[in-house]
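K.L.:
Sequence and computational prediction follow.
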Amino acid sequence: MLCRNRVVDFARRRAVFSSHAAAHRDAGLRLPHIWRSADEPNNVLFRFEVAGMESARDFIGNPKAAKAAQSSGVIDGEYHCMEDAGGY
């Protein structure tokens, strides 16, 4: 799952995000990558590996997740459930 968040403050978002690592694991989510824009450091991309798409969607749709995002300073975001299309 590829995700983008525009945040008020990256350090604040990162701290709150990291504090939810156990909840992510419990939902079958593993976070191997977080990137931030070199030009806009409060524009953050991250990739979750997911055990199952249904559980990932349930996690994102949970009101607790929305509340955590709001408390961590997320201004807006988007989530894309992706599948491997191969590379070269």
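P.N.:
Nice, thanks for sending it over.
K.L.:
going forward, measure contacts between C-alpha atoms and count neighbours the same way
P.N.:
Noted.
K.L.:
and the nearest residue to residue 10 once chain neighbours are set aside, backbone torsions?
P.N.:
Excluding the flanking residues, the one nearest residue 10 by CA to CA, 6 or more residues apart in numbering is residue 42, at 5.2 Å. Residue 42 adopts backbone torsions of phi -100, psi 10, taken as degrees, to the nearest 10.
K.L.:
Now do the contacts for residue 42.
P.N.:
Residue 42 makes contact with 6-10, 36, according to CA atoms under 8 Å, 6 or more residues apart in numbering.
K.L.:
Next one: it relative to residue 59, how far apart?
P.N.:
As judged by CA to CA, to the nearest Å, residue 42 and residue 59 stand 23 Å apart.
K.L.:
follow-up on the earlier one: just the buried subset of the contacts of residue 42, please.
P.N.:
6-8, 10, 36 (16 or more other CA atoms under 10 Å).
K.L.:
for this protein, what spans make up the strands?
P.N.:
All strands of the chain, identified by DSSP state E, fall at 2-7, 29-36, 43-50, 74-80.
K.L.:
Columns distance to residue 21 and mean pLDDT on top of those strands, output as JSON lines?
P.N.:
Below are the strands of the chain laid out as JSON lines (distance: least, CA to CA, whole Å; pLDDT from 0 to 100):
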{"stretch": "strand 2-7", "distance to residue 21": "16", "mean pLDDT": "95"}
{"stretch": "strand 29-36", "distance to residue 21": "9", "mean pLDDT": "94"}
{"stretch": "strand 43-50", "distance to residue 21": "12", "mean pLDDT": "95"}
{"stretch": "strand 74-80", "distance to residue 21": "17", "mean pLDDT": "93"}
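K.L.:
now those strands in JSON lines, with distance to residue 18?
P.N.:
Shown next, in JSON lines, are those (distance: least, CA to CA, whole Å):
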{"stretch": "strand 2-7", "distance to residue 18": "15"}
{"stretch": "strand 29-36", "distance to residue 18": "10"}
{"stretch": "strand 43-50", "distance to residue 18": "12"}
{"stretch": "strand 74-80", "distance to residue 18": "14"}
